[in-house]
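> One predicted model, sequence on top.
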Amino acid sequence: MANGLELSDLSWRKASASSVGNCVELAPHAGLVAVRDSKNPHGPVLMFTKSELVAWLDGARKGEFDDLAL
């Protein structure tokens, strides 16, 4: 529970390219972005500021993490 809200009540979404279920889900919450493993919806949730998410997305778009997927 975060700030009195059940995290399962958030509007979780994942990439449309995720058809096999192996992905992360994101949801806005109290000015932050919650991130969880779609295979474990009751597991741990990481919380990021929007600027942290923007920085990560920028790096992903530039291929900075491509070596981790090999």
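Cool, the structure landed. Numbering: from 1, shown residues only.
> Can you give me the separation between the nearest residue to residue 8 once chain neighbours are set aside and residue 13?
Spatial nearest neighbour of residue 8, excluding adjacent residues (CB to CB, 6 or more residues apart in numbering): residue 41 at 6.7 Å. No exception for glycine: its C-beta is placed from N, CA and C like everyone else's. Separation of residue 41 from residue 13 (CB to CB, to the nearest Å): 13 Å.
> Repeat that for residue 22.
16 Å.
> on that earlier part again, who touches both of residue 41 and residue 13?
residue 25 (CB atoms under 8 Å, 6 or more residues apart in numbering).
> In contact with residue 37, which residues are there?
Residues near residue 37 by CB under 8 Å, 6+ apart: 24-25, 43.
> What segments of this protein are strands?
For the chain, applying DSSP state E gives strands covering 24-29, 32-37, 46-49.
> do you know which of those lies nearest residue 63?
Ranking these by proximity to residue 63 (CB to CB) places strand 24-29 first, at 18.5 Å.
> pLDDT (mean, whole number) over the closest one?
What strand 24-29 shows for mean pLDDT is 92.
> And it, what does it pack against?
Using 3 or more CB pairs under 8 Å, 6 or more residues apart in numbering; DSSP states H and E, the elements in contact with strand 24-29 are strand 32-37.
> Done for today, thanks.
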